[in-house]
Each structure stands twice: as structure tokens, then as C-alpha cells.
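*Asks:* Output the structure for:
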Amino acid sequence: MSDRVVLAFSGGLDTSVAIGWIKEQTGAEVIALAVDVGQGGEDMDVIRERAIGCGAVEAEVADVRDEFADEYCLPALKADALYMDRYPLVSALSRPVIVKHLVEAAHKHNANVVAHGCTGKGNDQVRFEVGIRALSPDLKCIAPVRDLRPRPVTRPSSSPSGKACPSTSRRSPPTRSTRTSGVALWRPASSRTSGTAPPRSVYTYSDNPATPREPDEVVITFEHGVPVAIDGEKVSMLQAIEKMNERAGGQGIGRIDTVEDRLVGIKSREIYESPGAMALIAAHSELLARDHRAGTAALLHARSASAGASWCTTGCGSARCARCWAVSSTHVNEPASGEIRMVLHGGKATVTGRRSDASLYDYGLATYDSGDTFDQSLAHGFIELWGLPSRMAHARDNRIHG
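*Replies:* As a prediction, this is how the structure comes out:
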């Protein structure tokens, strides 16, 4: 019996073509696995039928939206994780959960190879293969677009039944729907040259922030760093993402245009849309700032955010890393319970109010008006002690260098 290959199947051109390539180049049977992390677009049953139409012997759909939201998005949110301090990891965060289900499918179908549709230039090839080999070292990984060097093809054809497979016909591929309700906390839009402004058509998940509209005020309730209610209505993590994607996206929030460092050494200009992520992170970060003293837990939180973003982006964001990440932020988020009021408008999520029983804010200490409880006579001694290291260092430099 020929080897069996489990293919990470998106339904797009590359992975649709890959089914035929794998069969032609290796003689293996292909089992297609489409993983729904809330990316939206086509119905997953249509994608499954397309895989069968392209020659897969079996095709499965794994709905992992809640798992992705609870076990991967939530730890990232609790750490306020931003890669290069700019954007919330985008596709990187979904790769470990996809890898987990690819490996499970390979074991289920007695496959000895896992395939993906990545090229040799991007980060995803590393994320997939490092993760797959970590979870199951006996599995072989192949990337048809990168490894098998297939001949160029045009767009996939599509039949009325929804089955689509690559051919030489010239029909356009299915397009992604505008602002779906999935878990697209970390959603890429496009890769472009660095010197031109992106066309409006590149953004399909957020509305134009310059369009005149009324502001949208929202109150997000957190318990220990977890968003549990939107405007008083209880939500799961998945529902919180869905609602904030819709509301923040409707105000043009979360558009990110950046030049990033790829693992292979390339600098790449990328455009992202992450409305829910940026709004939720802004709210969560504000709650932590109110509830922690400067320097201690905040430093631990910053390190957790940086390390977690690095793990995911560099392909080391396995389920084990995600658990370590979650544990590292548990202490930081212990007091992070309360409400954050935000105004969503003109592409910005602006915090306008904060309430927390664990807050370190004390109006009596902060005010300059009557009712001030701060003993200002203590400031002189504080300044003397605070400035002591600086004075000592300056005196040493004068003594050594004249």
C-alpha cells in the first residue's frame, strides 16, 4: 500500500493543486484536513468537497474555534503579546493548534507524512515542521510548493456542487467574505512592496477609519485577565473576539502596516487587520496598568509578552509553550478584574474609564485639590535617596576623567 499523506488543506489554489502534485510525485494517498480557526470565507463543507473533487481519498474538517480562542488566543491576550511591539502575532498563533490536529489526523489515518502549502520564504514552514516533528518525530514533513517544484498553474476551476480542483481553466478562486464572525484575532491581509500605499481593496475585515460615523462606546468586563462580558452581556472568549472584531472592525480599528523580520532573513512589508485583538489588548493592558505597581509584576508581564510572541513567531509555539505562557501570566493577571470603558472611533480604541476593586489608584493620593492625603513633606527625602546613585556615578566619572 502506498504511503498516506495528511495535507493541511485551506481550500485555496496552492493546497488544491498540492493534492494532485503529491499523488503524481509520490504515489501516496492524500487525506485532506481543513482546520477552522475562525478565518471565515467559504463554508468548510464546501472546502471539504473541493478536497474530494481534487482527488483526496478522505477529507475532514476540524472546528477548533473554541479551543483556539481559549487555549491560544487567551494566553496571548493575558500577556498583551505583540510581535516586534506592533501586531498580535497574526497567523503564528493559530499554527500550533493546526499542527496538533494534523498530527492527530496522521495517527488516526496511519499516515507517515504530513504536508503543508508553505513556500520556502516564509515563517509558516518553520512553525509547521518544528511543531509536527516535536509532537511526532516519526512523521516526515513535505511542502509541495517548496519541495516538489511543481509546474506553474492558473486559477482553480469550480463546479456548481462546490467541488473545485486545479486545472488550466481561467476562473477566479473563491474570495474571502467581508468581516466574518470568526476568531480572526490574528488575521493577515496582504504582503506588498514597501514604498506604495495599500489600495483600499486590500482591507476586507475592517471598514475605512476615515468614513464619518458615530462613535461606539463599549464596556469590557474582565475576571483575572479574561474578558467575561461585553456591555454587561456574558461572553465566552470566542464570543468576546467575535463581538470585538465586529465592533472594532466597524470603526476601522486594527489596521497595521509594518516591515517585519522573517526567520529566513528577509524583511517583508506586511499589512494586517486585527480589530478585535488590538481593542482587547488595549483594554487588558489598561487594566493591568491600574492594578500593578510599577516594575515588579509589570516587568514579568513584559517578559512574558516578549517571550511568548517570540515562541510563536519562530515556530516554537507548541502546546507546551502555550501552557508555560499561560502559567507565567497567571500571577500577573490575578488582580486583573474589573471594567474598562472604551470609545471605538476613527480607527482608534480609546480608554475613557476604568473600574477595579484591585486597583492601586487612590484619588486622595493623586488629587491636587482639597482632600489631598499625600504628605508632600516626604518628597525631599525621597528625591535625595532616588538621586543618590546618579550623584555617585557622576562624581566617579569626574574623578576618573577629570
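*Asks:* so the closest residue to residue 346 other than its chain neighbours, which of the three states?
*Replies:* Spatial nearest neighbour of residue 346, excluding adjacent residues (Cβ to Cβ, 6 or more residues apart in numbering): residue 209 at 5.4 Å. For glycine as for every other residue, the C-beta is placed from the backbone atoms N, C-alpha and C. Classification of residue 209 using DSSP: H, G, I helix; E, B strand; the rest coil returns coil.
*Asks:* residue contacts, residue 209?
*Replies:* By Cβ atoms under 8 Å, 6 or more residues apart in numbering, residue 209 lies in contact with 251-253, 255, 346-348.
*Asks:* give me the element residue 253 is part of.
*Replies:* Assigning secondary structure by DSSP states H and E places residue 253 outside every helix and strand.
*Asks:* and it, how far is that from residue 244?
*Replies:* Distance of residue 253 to residue 244, given as Cβ to Cβ, to the nearest Å: 9 Å.
*Asks:* list residues touching both of the two?
*Replies:* Counting by Cβ under 8 Å, 6+ apart, the residues touching both residue 253 and residue 244 are 275, 279.
*Asks:* Among the contacts of residue 209, which one has the most neighbours?
*Replies:* When neighbours are counted by other Cβ atoms under 10 Å, residue 253 leads the contacts of residue 209 with 29 neighbours.
*Asks:* Settle this for me: it is touching residue 349, isn't it.
*Replies:* Yes - under the criterion of Cβ atoms under 8 Å, residue 253 is in contact with residue 349, at a separation of 5.4 Å.
*Asks:* Pull the distance from stretch 375-388 to the chain's centre.
*Replies:* Its chain's C-alpha centre and that of stretch 375-388 lie 44 Å apart, by Cα atoms, centre = their mean, to the nearest Å.
*Asks:* what about the helices in this protein?
*Replies:* Ranges of helices in the chain, per DSSP state H, are 13-26, 44-53, 65-68, 74-78, 95-108, 124-135, 144-147, 237-249, 275-291, 297-313, 319-333, 363-366, 379-401.
*Asks:* What residues does the residue nearest to residue 206 when sequence neighbours are not counted make contact with?
*Replies:* Closest residue to residue 206 apart from its sequence neighbours, by Cβ to Cβ, 6+ apart: residue 249 at 4.3 Å. Remark: with contacts taken as Cβ under 8 Å, 6+ apart, residue 249 is in contact with 179, 205-207, 273, 275-276.
*Asks:* 7 Å instead, please
*Replies:* 179, 205-207, 275 (Cβ atoms under 7 Å, 6 or more residues apart in numbering).
*Asks:* Sketch out the low-pLDDT regions of the stretch 201-350 of the chain for me.
*Replies:* For the stretch 201-350 of the chain, the stretches with pLDDT under 70 are 291-328.
*Asks:* shared neighbours of residue 253 and residue 349, which are they?
*Replies:* Common neighbours of residue 253 and residue 349 (Cβ under 7 Å, 6+ apart) are 278-279.
*Asks:* wouldn't residue 219 be in contact with residue 231 here?
*Replies:* Yes - in this structure, residue 219 is within contact of residue 231 by Cβ atoms under 7 Å, at 5.4 Å.
*Asks:* More neighbours: which of those two?
*Replies:* When residue 219 and residue 231 are compared for neighbours, residue 219 comes out ahead with 16 against 13, by other Cβ under 10 Å.
*Asks:* Look up which residues are beta-bridged to that one.
*Replies:* As for beta bridges, residue 219 partners with residue 341 under DSSP bridges.
*Asks:* Quickly note the distance from it to residue 286.
*Replies:* Taking Cβ to Cβ, one finds residue 219 at 13 Å from residue 286.
*Asks:* Likewise for residue 200?
*Replies:* 31 Å.
*Asks:* These two - which one has more neighbours?
*Replies:* Between residue 200 and residue 286, residue 286 has the larger neighbour count (other Cβ under 10 Å), namely 21 against 8.
*Asks:* Burial check on the closest residue to that one other than its chain neighbours, number of neighbours?
*Replies:* Nearest residue to residue 286, sequence neighbours excluded (Cβ to Cβ, 6+ apart): residue 351, at 4.7 Å. Neighbourhood size, residue 351 [other Cβ under 10 Å]: 17.
*Asks:* same thing with residue 359?
*Replies:* If you count neighbours by other Cβ under 10 Å, residue 359 ends up with 15.
*Asks:* for the closest residue in space to it that isn't next to it in sequence, what are its contacts?
*Replies:* Residue nearest to residue 359 in three dimensions, not counting chain neighbours: residue 290, with 4.9 Å by Cβ to Cβ, 6+ apart. By Cβ under 7 Å, 6+ apart, the residues touching residue 290 are 354, 356, 359-361.
*Asks:* Who wins on neighbours among the residues you listed?
*Replies:* Neighbour-wise, those (other Cβ under 10 Å) top out at residue 356, 19 neighbours.
*Asks:* That one reaches residue 287, doesn't it?
*Replies:* Yes - the criterion here is Cβ under 7 Å, and residue 356 meets it with residue 287 at 6.4 Å.
*Asks:* Give me the common contacts of those two.
*Replies:* residue 338.
*Asks:* what's the burial count for residue 121?
*Replies:* By the criterion of other Cβ under 10 Å, residue 121 has 15 neighbours.
*Asks:* Backbone dihedrals for it, please?
*Replies:* Phi and psi for residue 121, reported as degrees, to the nearest 10, are phi -100, psi -20.
*Asks:* which one of the helices of the chain is the most hemmed in?
*Replies:* helix 74-78 (a mean of 26; mean count of other Cβ atoms under 10 Å).
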